[in-house]
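**Student:** Got a predicted structure plus its sequence, pasted below:
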Amino acid sequence: MQMCVPVRKPGWVSPRKLLEQKLTHLHKCANILHIKQLHAQIIRANLHLDPFVAPKLIAAFSLCRQIALAVNVFDQIPEPNVHVFNAMIRAHTQNSQGPQAFAAFFNMQSNGVSPDNYTYSFLLKACSGKAWLSVVQMVHTHIEKCGFCSDIFVPNALIDSYSKCGPVGVFAAKKLFLAMGVRDVVSWNSMVGGLVKVGELGEARQLFDEMPERDLVTWNTMLDGYVKAGQMSEAFEFFQRMPERNVVSWSTIVSGYSRAGDMDMARILFDKMPVKNLVTWTIIVSGYAAKGIANEANSLYDQMEDAGLKFDDGTIISVLAACAESGLLGLGEKVHASMDRIRYRCCTPVSNALVDMYAKCGSLDKAYKVFNGIGNKDLVSWNAMIHGLAIHGHGEKALWLFGRMKKESFSPDAVTFVGILCGCAHAGFVKEGLYYFHSMERDYGVVPQVEHYGCVVDLLGRGGRLEEAFRLVNSMPVEPNPVIWSTLLGACRVHNAVDLAAEVLDHLAKLESSDPGNFSMLSNIYAAAGDWESVATMRVRMRSTGIQKASGASSIEVNDEVHEFKVFHKSHPQSDKIYQTIGKLNQDLKRVEYVPIGH
DNA sequence: GTAGGGTTAG
């Protein structure tokens, strides 16, 4: 007799079971090739419409920043359930597509699918920034109507979202926090975080002291509060008192010293920390780069790459911004080259950072090349390019680009007009500048801020229209800040307006008594006018108030080496040659009858 | 689910 029972080895698993096992952790998989392989198997097994598999697939594609593929999976599902919608909302949120997350939410409602507590936590994550306040309020109302506040995740997410919406949001968060019947450590942490974000350090500390229990997140949040407030001695004391520390604690303290410009202390702690990750490396490289310490920034960047760390958007943006700040073109180019080498997929903010870096470092051609290559330009892209042209005196090109921007249906904002006005000021377009200044509110609804007044004061001042500039400063609806007065003082210097300069300095002295630059500027104005008695008086006044002017220096980086220059200094090895060239330039300028404005 | 680096403004 023959046996008809199939013979299978012990431990045999059917192909379908095997696939199901592989799919258990699919939503955490970050390897796109692996996901694509599994995707093919899923389709063959006809599992792609399965309500348990589809959300995982969406999550996996989202994790790899393949949002289009995630949407594709979603679109094939005829009747998505709440889990599928939730996965899609989360995918958009993770990929910084707030508006699309809300579109999915509305889509869900019009399909008659009821949201659950997860829906709201995912949706709330998409709202951060002042502009989202009213949206958070709207979601809050929804939640109260549905009664989801009984799940602590939901009010916690609300507190967190409110906290990211500026002071008004934090106020709403406080109200909610106080009304909560049950709070866990996350509720407290989110509230402390909110207070820290708006600079309410005292109140944050009070809450910290009142907390029934604290975890590492609590300590790190409070530490970040001291760091962001620039209170480094308090921060360090707090850091030392911490019951335990992790890589976040260490990174926070290193970032604090780095922001404060104390790279020695930042480096000591960086070298000492037991575990470093990508964020830590980003902080230290950006810190050195922002200070223009090219050799350290470069060598640490190389070490980071050698350590096998793969940079992300945060690293690139942070390092490029630091290069832009100090003019480290060499490192900026190196970062760009690394990106090209691995064919890094640039999102718009990363491209914008590149444009800004090249523009600020004076490589306008390269900035423009990157700018033109941005497929999805946003307002920041246009603003960065316009401003880049503006600061280098290409007023005409800046205005031309402004025209092109409007043709492509972008509405200018306050930052755009800073660029436009700055471009006009630097190019000497007084009439055009005034025209745009008057048109910004009238035609574009952009209310001039102190920065815009600053540009116009600069514009009028450079054009020699000092009285008008002075009248504007006295009549402007916003309080003039030291920057405005300094700008005016600079214009007085160019035009040798001695009396006005003295008056301006009085205003400045009331606002900031300690900036030595202003005093030495007035003293230079007196000197230029030959009023040596006043120069002497100024010097006495400066000495008696303990004011000392550190001499200003400018620097340029050539072949990984930073060359520093100070006025009248001859410390550079090629000093003679440099002064010879300057002399020749001056002669050339005279030959073409170039007259600096105001002379 | 809460914590560290992140594009445009003199």
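**Tutor:** Nice, I can see it.

**Student:** ok, whichever residue of the stretch 51-200 of chain A sits closest to DNA strand B - how many residues close by?
**Tutor:** DNA strand B sits closest to residue A:189 of the stretch 51-200 of chain A, with a gap of 3.5 Å, by CB to the nearest atom of the strand. Where C-beta positions appear, they are placed from N, C-alpha and C, glycine not excepted. By the criterion of other CB atoms under 10 Å, residue A:189 has 25 neighbours.

**Student:** For it, what is the enclosing helix or strand?
**Tutor:** Residue A:189 belongs to helix A:185-197 when elements are defined using DSSP states H and E.

**Student:** At which residues are the helices of the stretch 51-200 of chain A located?
**Tutor:** Along the stretch 51-200 of chain A, counting by DSSP state H, counting those that start in this stretch, helices occupy A:53-63, A:67-75, A:82-94, A:98-110, A:117-125, A:133-146, A:153-163, A:166-179, A:185-197.

**Student:** Turn these into JSON lines, including mean pLDDT.
**Tutor:** Listed next are these as JSON lines, based on pLDDT from 0 to 100:
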{"stretch": "helix A:53-63", "mean pLDDT": "87"}
{"stretch": "helix A:67-75", "mean pLDDT": "89"}
{"stretch": "helix A:82-94", "mean pLDDT": "91"}
{"stretch": "helix A:98-110", "mean pLDDT": "90"}
{"stretch": "helix A:117-125", "mean pLDDT": "89"}
{"stretch": "helix A:133-146", "mean pLDDT": "90"}
{"stretch": "helix A:153-163", "mean pLDDT": "93"}
{"stretch": "helix A:166-179", "mean pLDDT": "94"}
{"stretch": "helix A:185-197", "mean pLDDT": "96"}
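
**Student:** Make CSV from those helices and add distance to residue A:25 to it.
**Tutor:** Formatted as CSV, those follow (distance: least, CB to CB, whole Å):
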stretch, distance to residue A:25
helix A:53-63, 9
helix A:67-75, 17
helix A:82-94, 15
helix A:98-110, 24
helix A:117-125, 19
helix A:133-146, 31
helix A:153-163, 23
helix A:166-179, 35
helix A:185-197, 25
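
**Student:** Determine which of these approaches residue A:309 most closely.
**Tutor:** Nearest of the helices of the stretch 51-200 of chain A to residue A:309, taken as CB to CB: helix A:53-63 at 18.7 Å.

**Student:** Mind listing what's buried along stretch A:302-316?
**Tutor:** Under the neighbour-count criterion of 16 or more other CB atoms under 10 Å, stretch A:302-316 has A:304, A:309, A:311, A:313, A:315-316 buried.

**Student:** mean confidence for it?
**Tutor:** Averaged over stretch A:302-316, pLDDT sits at 94.

**Student:** In contact with the nearest residue to residue A:87 once chain neighbours are set aside, which residues are there?
**Tutor:** Using CB to CB, 6 or more residues apart in numbering and skipping the chain neighbours, the partner closest in space to residue A:87 is residue A:55 (3.7 Å). Going by CB atoms under 8 Å, 6 or more residues apart in numbering, residue A:55 touches A:27, A:83-84, A:86-87.

**Student:** Which parts of chain A are strands?
**Tutor:** A:553-558, A:561-566 (DSSP state E).

**Student:** Okay, the nearest residue to residue A:219 once chain neighbours are set aside and DNA strand B: tell me how far apart.
**Tutor:** Distances taken as CB to CB, 6+ apart put residue A:242 closest to residue A:219, at 5.1 Å, once the chain neighbours are dropped. Going from residue A:242 to DNA strand B by CB to the nearest atom of the strand, to the nearest Å gives 11 Å.

**Student:** any weak-confidence spans in chain A?
**Tutor:** A:1-22, A:130, A:512-526, A:528-573, A:575-576, A:578-579, A:581-599 (pLDDT under 70).

**Student:** Which residues of the stretch 301-450 of chain A lie near DNA strand B?
**Tutor:** A:311-315, A:317-318, A:320-321, A:324, A:347-350, A:352-353, A:356, A:360, A:378-381, A:383-384, A:387, A:391, A:414-415, A:418-419, A:422, A:449 (CB under 7 Å from any atom of the strand).

**Student:** Among these, name the ones in helices.
**Tutor:** Those of these mapping onto helices are A:313-315, A:317-318, A:320-321, A:324, A:348-350, A:352-353, A:356, A:360, A:379-381, A:383-384, A:387, A:391, A:414-415, A:418-419, A:422, per DSSP state H.

**Student:** mind listing what the nearest residue to residue A:81 once chain neighbours are set aside touches?
**Tutor:** Excluding its sequence neighbours, the residue lying closest to residue A:81 (CB to CB, 6+ apart) is residue A:51, at 5.3 Å. Residue A:51 sits next to A:81, A:83-84 when contact means CB under 8 Å, 6+ apart.

**Student:** go with 10 Å
**Tutor:** By CB atoms under 10 Å, 6 or more residues apart in numbering, the contact set of residue A:51 is A:77, A:79-84.

**Student:** which ones are touching residue A:159?
**Tutor:** Residues counted as contacts of residue A:159 (CB under 10 Å, 6+ apart) are A:124, A:169-170, A:172-177, A:180, A:183, A:186-191, A:193-194.

**Student:** what do you get for residue A:399?
**Tutor:** A:386, A:389-390, A:420, A:423-424, A:427, A:429, A:432, A:436 are the contacts of residue A:399 under CB under 10 Å, 6+ apart.

**Student:** residues from the stretch 1-150 of chain A in reach of DNA strand B?
**Tutor:** So the stretch 1-150 of chain A meets DNA strand B at A:121, A:125 (CB under 7 Å from any atom of the strand).

**Student:** Residue A:449 touches residue A:417, doesn't it?
**Tutor:** Yes. Here residue A:449 reaches residue A:417: they are 9.1 Å apart, a contact under CB atoms under 10 Å.

**Student:** Looking at these two, which is more packed in?
**Tutor:** Each of residue A:449 and residue A:417 has its neighbours counted (other CB under 10 Å); residue A:417 has more, 25 against 13.

**Student:** so what's the closest residue to that one other than its chain neighbours up against?
**Tutor:** Counting by CB to CB, 6+ apart, residue A:417 lies nearest to residue A:440, which is 4.9 Å off, once chain neighbours are set aside. Residue A:440 makes contact with A:412-414, A:416-417, A:420-421, A:446-448, A:452, according to CB under 10 Å, 6+ apart.

**Student:** now residue A:166
**Tutor:** Neighbours of residue A:166 in contact, by CB under 10 Å, 6+ apart: A:129-133, A:197-198.

**Student:** how close does it get to residue A:159?
**Tutor:** 14 Å (CB to CB, to the nearest Å).

**Student:** With residue A:191 instead?
**Tutor:** From residue A:191 to residue A:159 the distance is 6 Å (CB to CB).

**Student:** overlap in contacts of those two?
**Tutor:** Counting by CB under 10 Å, 6+ apart, the residues touching both residue A:191 and residue A:159 are A:170, A:173-174, A:176-177, A:180, A:183.
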